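A.B. asks: build me a structure from this.
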Amino acid sequence: MGPGLSRPGPFAMTQPNQADLALTVSFAPSMGHLDRQEWNRLAAGAPPFMRWEWLNLLESCGAVSTEAGWMPAHCVLRVCDKLVAAAPLYVKGHGQGEFVYDQLWADVAQRLDLPYYPKLVAVSPFTPVAGYRFLTAPGFSQRGMAGAVLEGMDHLVEANEFSGLHVLFAQDEFADDLESYGLTAWEHQGFIWENQGYRFFEDFLEVFRTGQRKNIRRERRALRESGVRVEIVDGEDAPDFWFELMHHYYADTCSKFGEWGCKYLPLSFFQGLADVFREHVAFAAGFLEGREEPVGLSLLIHGEGELYGRYSGAALEIPFLHFELCYYAPIAWAIERGILSFDPGMGGEHKPRRGFNSRVTRSLHRFAHPLMAHVFERHIPEINALTREHVQELQDLCAFRRGGRP
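C.D. replies: Predicted structure coming up:
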């Protein structure tokens, strides 16, 4: 990634509309330099991927490091030494692991003879979940503090001559705030399941047209008749070796996609989940008669009334096992627990037929060079229009009955 990062020393600024509130902005070289409890107080209500334990584990296992092309530079704002705002932040020397595929813009920069790397990226690494936001202490204006955090990030970009700032998978209201501060939105396609007050899985099935409702029941019945039993197990109740087995299945699944496999996480990351993150973990586990260990697993992360599908894999190719582990069983579990939404992860045109709505997510961008900024802002409306068309095409694949609640 070239020479080391030039971090501006702590500097003061004034929060807009609060002239008497002096903020000190600084950049931490790792989560280990920040207090866990202090950070997590700000992360209350945010997705689990914004918690100190998750972010620190990514660094301590080596998945996020300068050697891996991720240089932490977490932005923190303090008032009288009290942490009042924070943002996970990284200097990137490549575009891998972001799941916002910006090779197009890197190619454009090259054609314009402009540098694209390094760039400054605000994201929870390897986590394509539309929930990133700047963390703010209670009693402080989220929008106002966002402006202060952005000003600090702009200082970092300028001091290091980075190509720009990229905020990935922003939470919806937060994305609105960033657009109001002059960042430009790039739209992407994603999926979401939303709980419409279902009491049981059968209530959920009522939203489908008759044919697809029968198809889902047939898939689940066929899996049971093949001798596979599936259950959801809380991370706190799961044996330690399941976390290691999950890594094995995850790595095997990634390997099947070759160079597109996105195998970013080592065994030590999954072992670390067992040590520091169990309360946010659940497994969908498939058991085959005669085998003690699960023949298939999917790892789920939950918190604040939301569920997220992360990784999955299996020892055997069993028809319909993937659908059960990754969709049906987690949805049934979410209904049982009153969970409001379930993000199943990226990709998969089979998801709309299994109850997931296609939706638009946003990343926000600001390029430092005027020419690159002009090209991006000139062409992004057309690109976003194409994305919205794709979102609608996938939504049209949903097999919801007329008047059914998606």
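A.B. asks: and the helices in the protein?
C.D. replies: For the chain, the helices defined by DSSP state H cover 36-43, 52-60, 103-111, 142-160, 172-180, 201-205, 210-225, 240-255, 267-276, 321-323, 329-337, 370-395.
A.B. asks: hmm, who's touching the second one?
C.D. replies: To tie it back to what came earlier, the one meant is helix 52-60. By C-beta atoms under 8 Å, 6 or more residues apart in numbering, the list of residues contacting helix 52-60 from outside reads 30-32, 34, 36, 39-40, 43, 48-49, 64-65, 72, 88, 124-126, 268-269, 272-273, 276-277. Heads up, the C-betas are built off the backbone N, CA and C, glycines and all.
A.B. asks: cool, and the third one?
C.D. replies: For helix 103-111, the external contacting residues (C-beta under 8 Å, 6+ apart) are Gly95, Pro115, Tyr116, Tyr117, Ser163, Met372, Val375, Phe376.
A.B. asks: repeat that with 7 Å
C.D. replies: For helix 103-111, contacts defined as C-beta atoms under 7 Å, 6 or more residues apart in numbering pick out Gly95, Pro115, Tyr116, Ser163, Met372, Val375, Phe376.
A.B. asks: by neighbours, which of those residues wins?
C.D. replies: Tyr116 (23 neighbours; other C-beta atoms under 10 Å).
A.B. asks: not counting sequence-adjacent ones, nearest residue to that residue?
C.D. replies: Once flanking residues are discounted, Tyr116 sits nearest to Ala109: 3.9 Å by C-beta to C-beta, 6 or more residues apart in numbering.
A.B. asks: burial of that neighbour, as a residue count?
C.D. replies: 23.
A.B. asks: now do it, the pLDDT please.
C.D. replies: What the model reports as pLDDT for Ala109 is 97.
A.B. asks: ok now stretch 28-43, how far from the chain's centre?
C.D. replies: Relative to its chain's centre, stretch 28-43 lies at 19 Å (C-alpha atoms, centre = their mean, to the nearest Å).
A.B. asks: measure it end to end?
C.D. replies: End-to-end distance for stretch 28-43, by C-alpha to C-alpha, to the nearest Å: 17 Å.
A.B. asks: try stretch 275-294
C.D. replies: Start-to-end, stretch 275-294 (C-alpha to C-alpha) is 21 Å.
A.B. asks: name the residues of it that come out as buried.
C.D. replies: Within stretch 275-294, the residues that count as buried by 16 or more other C-beta atoms under 10 Å are 276-278, 280-288, 294.
A.B. asks: before we move on, what about stretch 319-339?
C.D. replies: Result for stretch 319-339 [16+ other C-beta under 10 Å]: buried residues 320-335, 339.
A.B. asks: can you check stretch 191-206 too?
C.D. replies: Buried residues in stretch 191-206, defined by neighbour count with 16+ other C-beta under 10 Å: Phe191, Ile192, Trp193, Asn195, Tyr198, Phe201, Phe204, Leu205.
A.B. asks: what's the answer for stretch 345-353, then?
C.D. replies: Here stretch 345-353 shows Gly345, Met346, Lys351, Pro352, Arg353 as buried, counting by 16+ other C-beta under 10 Å.
A.B. asks: just stretch 129-147 next, same as before
C.D. replies: Quick answer for stretch 129-147 (16+ other C-beta under 10 Å): 129-137, 140, 143-147.
A.B. asks: now swap in stretch 111-120 and tell me
C.D. replies: Pro115, Tyr116, Tyr117, Pro118, Lys119, Leu120.
A.B. asks: what do you get for stretch 235-247?
C.D. replies: Within stretch 235-247, the residues scored as buried using 16+ other C-beta under 10 Å are Gly235, Ala238, Trp242, Phe243, Leu245, Met246, His247.
A.B. asks: export that stretch as CSV, just CAs?
C.D. replies: Extracted in CSV, the C-alpha atoms of stretch 235-247 (Å, rounded to 0.1, in the frame of the first residue of the first chain):
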residue,chain,number,x,y,z
GLY,A,235,-24.2,-19.9,19.4
GLU,A,236,-24.1,-20.1,23.2
ASP,A,237,-25.4,-23.7,23.0
ALA,A,238,-23.2,-24.8,20.0
PRO,A,239,-20.2,-27.0,20.6
ASP,A,240,-16.8,-25.2,20.0
PHE,A,241,-16.0,-27.5,17.1
TRP,A,242,-19.0,-26.2,15.1
PHE,A,243,-17.2,-22.9,14.7
GLU,A,244,-14.2,-24.7,13.2
LEU,A,245,-16.4,-26.9,11.1
MET,A,246,-18.1,-23.7,9.9
HIS,A,247,-14.8,-22.4,8.6
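A.B. asks: hmm, who's touching that stretch?
C.D. replies: Stretch 235-247 is touched from outside by 267, 270-271, 273-274, 278-279, 281-283, 293-294, 297, 299, 311, with contacts defined as C-beta under 7 Å, 6+ apart.
A.B. asks: repeat that for stretch 249-259.
C.D. replies: Contacts for stretch 249-259 (C-beta under 7 Å, 6+ apart): Gly261, Cys262, Lys263, Leu265, Leu297, Tyr311, Ser312, Gly313, Ala314.
A.B. asks: any idea which of these is closest to Leu397?
C.D. replies: Minimum distance to Leu397 across the contacts of stretch 249-259 is 21.5 Å, recorded for Ser312 (C-beta to C-beta).
A.B. asks: contacts only, for that closest one.
C.D. replies: Tyr249, Thr253, Leu297, Ser298, His322, Leu325, Cys326.
A.B. asks: cool, Val276 as well?
C.D. replies: Going by C-beta under 7 Å, 6+ apart, Val276 touches Glu53, Leu57.
A.B. asks: how near is it to Gly144?
C.D. replies: The gap separating Val276 from Gly144 is 33 Å, by C-beta to C-beta, to the nearest Å.
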